[in-house]
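> can't give you the sequence, but here's the structure:
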């Protein structure tokens with residue numbers, strides 16, 4: 001048996017419950033991991049709410065890190081005692097987890113398992129956004145919303161490392177200070193601007209429209225994000241922390257300057273193991289050698305998971321939130 005964070009039915013945080021569940025030995029091509037830390041992410045919220053369809057009850061969690069305690073038949077890349085992490089395997093919020101070896105990556109020596117667990121989903125998301133969805137180039141200007149959040153902090157750093165400027169938005173002066181310290185060229189408190197006023201402020205500080213917007217906030221920032229773009233700029237909508245964006249008239253892309261909009265997801269940027277290892281090695285390697293920084297803003301025991309998700313959904317967090325089993 002192992003303790004696991006269950007979603008008993010689709011709904012609000014009250015449907016979360018820590019329960020004992022059976023654990024079987026790892027099957028073919030699986031490893032069994034004693035979990036040290038679990039990442040808290042908005043995809044968990046979407047699955048709990050039923051935005052992403054699935055049957056209940058189920059074990060929550062996509063992302064974790066820990067130590068291998070058993071290996072199944074056919075596993076050649078991992079052995080008992082290895083430190084590993086993953087970011088695309090449902091049912092990860094438990095003390096003991098069986099996970100496909102094909103989605104697991106090694107954790108570099110010297111990197112804490114808590115940091116590894118915190119980095120997988122958000123780190124690889126930031127990586128594909130700036131390297132593949134819109135490959136950022138030197139001297140471009142990028143707008144990053146919620147820049148003090150987990151993905152936001154990594155985006156600011158990765159964009160800056162490519163020689164591009166970042167305009168960062170956040171909802172408090174403390175959060176703006178975090179973005180500035182990570183390298184943002186300009187910061188804007190979006191609570192001081194409503195609707196089109198935010199786009200006007202972005203254009204004012206940039207001196208023109210931005211090349212790309214990375215928007216994980218969604219409904220409340222979408223219109224301003226579109227209005228902030230230069231002709232042929234790209235709106236990258238990778239999340240909906242404030243709510244899902246409703247359908248809109250595609251002619252707005254025409255009138256805005258032949259704009260592009262995409263709604264990417266990480267799984268489509270991890271199409272094979274080589275791509276997974278490339279992204280994970282660059283993210284975890286950067287954290288291990290200090291070229292990337294990642295802040296764990298809060299750590300909660302699994303029994304207080306509802307409080308962790310309340311903080312995340314209320315956008316009261318900076319950096320990454322994790323659970324410990």
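Cool, the structure landed. Keep in mind that what you see is a predicted model, and the values were worked out from it rather than measured.
> outline the domain layout of the protein.
In terms of domains, the chain is parsed into 2-120+267-324, 137-263 (source: automatic domain parsing).
> could you list every helix and strand in contact with the helix or strand hosting residue 142?
Taking DSSP states H and E as the criterion, the element that holds residue 142 is strand 141-144. Packing partners of strand 141-144 (3 or more CB pairs under 8 Å, 6 or more residues apart in numbering; DSSP states H and E): helix 150-161, strand 165-170, helix 196-206, strand 210-215. Heads up, the C-betas are built off the backbone N, CA and C, glycines and all.
> repeat the analysis, applying 6 Å as the threshold.
If you count contacts as 3 or more CB pairs under 6 Å, 6 or more residues apart in numbering; DSSP states H and E, strand 141-144 packs onto helix 150-161, strand 165-170, strand 210-215.
> which residues does that strand contact?
Under the criterion CB atoms under 6 Å, 6 or more residues apart in numbering, residues 152, 155-156, 159, 164-168, 202, 206, 210-214, 228 lie in contact with strand 141-144.
> partners of it, with directions?
Within its sheet, and counting by DSSP bridges, strand 141-144 is paired with strand 165-170 (parallel), strand 210-215 (parallel).
> next SSE after the last one?
Past strand 210-215, further along toward the C-terminus, the next helix or strand under DSSP H and E is helix 222-227.
> next, give phi and psi for residue 40.
phi -110, psi 120 (degrees, to the nearest 10).
> which residues touch it?
Residue 40 neighbours (CB under 6 Å, 6+ apart): 308, 312, 321.
> and what of residue 61?
Here residue 61 is in contact with 38, 92, 93 (criterion: CB under 6 Å, 6+ apart).
> try it again at 8 Å.
For residue 61, the contacting residues are 5, 38, 39, 44, 90, 91, 92, 93, 94, 323, by CB atoms under 8 Å, 6 or more residues apart in numbering.
> quick one: the helices in the stretch 201-325 of the chain?
Under the criterion DSSP state H, counting those that start in this stretch, helices of the stretch 201-325 of the chain are mapped to 222-227, 251-255, 273-289, 305-313.
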